[in-house]
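1. My questions concern the predicted model and sequence given below.
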Amino acid sequence: MTFSNKNLYIRIIILIIALIVAIYCFMIKLPVPFRKVDTELHGLFYFSAAAFINILFLIRTIKDHILVLSLLFLFSALVEFAQEYSNTFYTKRIHGNFDPIDLKFNLLGLVSFSIFWFLFYISLKSQNKN
């Protein structure tokens, strides 16, 4: 979908603010009650992030959807590496270690959203044929 320049800039600003908040939240330790469900929260976050970006930018093509998912998974890997690096960079431990299980649940959240998105995509295409 095409946007006016002003509309696109507003959407990009919203996305940048959301990314800054996400990076900050991923770099601090979770409160104690949430530490037992850390992996599930990863899946839920990436499911929600995929939905947010797909809706924000009105993603309607498979190519654009795959691009969004790829960038989100790359972002998730970079966050995991940043968490590991932060433990050697700061004198105080601010987060846990790199965890491959978190990456697995990040991908699970993205794939779960993709199932819903593809069902929407198929129904949209079938409606356009009628």
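-> Looks like it arrived, so ask away.
2. any idea of the mean pLDDT for the helix or strand residue 47 falls within?
-> Under the criterion of DSSP states H and E, residue 47 resides in helix 38-56. For helix 38-56, mean pLDDT rounds to 94.
3. Which residues does that helix contact?
-> Residues outside helix 38-56 that contact it (C-beta atoms under 8 Å, 6 or more residues apart in numbering): 11, 14-15, 18, 22, 30, 34, 59, 65, 68-69, 72, 76, 101-102, 104-110, 112-114, 116-117. C-beta: built from backbone N, CA, C; applies to glycine.
4. Next, the buried residues of the helix or strand just after that helix.
-> The helix or strand immediately downstream of helix 38-56 is helix 62-89, counting by DSSP H and E. Buried residues in helix 62-89, counted by 16 or more other C-beta atoms under 10 Å: 65, 68, 69, 72, 73, 75, 76, 79, 80, 83, 86.
5. got the angle between the helix ranked longest in the chain and helix 62-89?
-> Secondary structure of the chain per DSSP state H: the longest helix is helix 100-129. Compare the direction of helix 100-129 with that of helix 62-89 by axes from the mean of the first three to the mean of the last three C-alpha atoms, to 10 degrees and you get 160 degrees.
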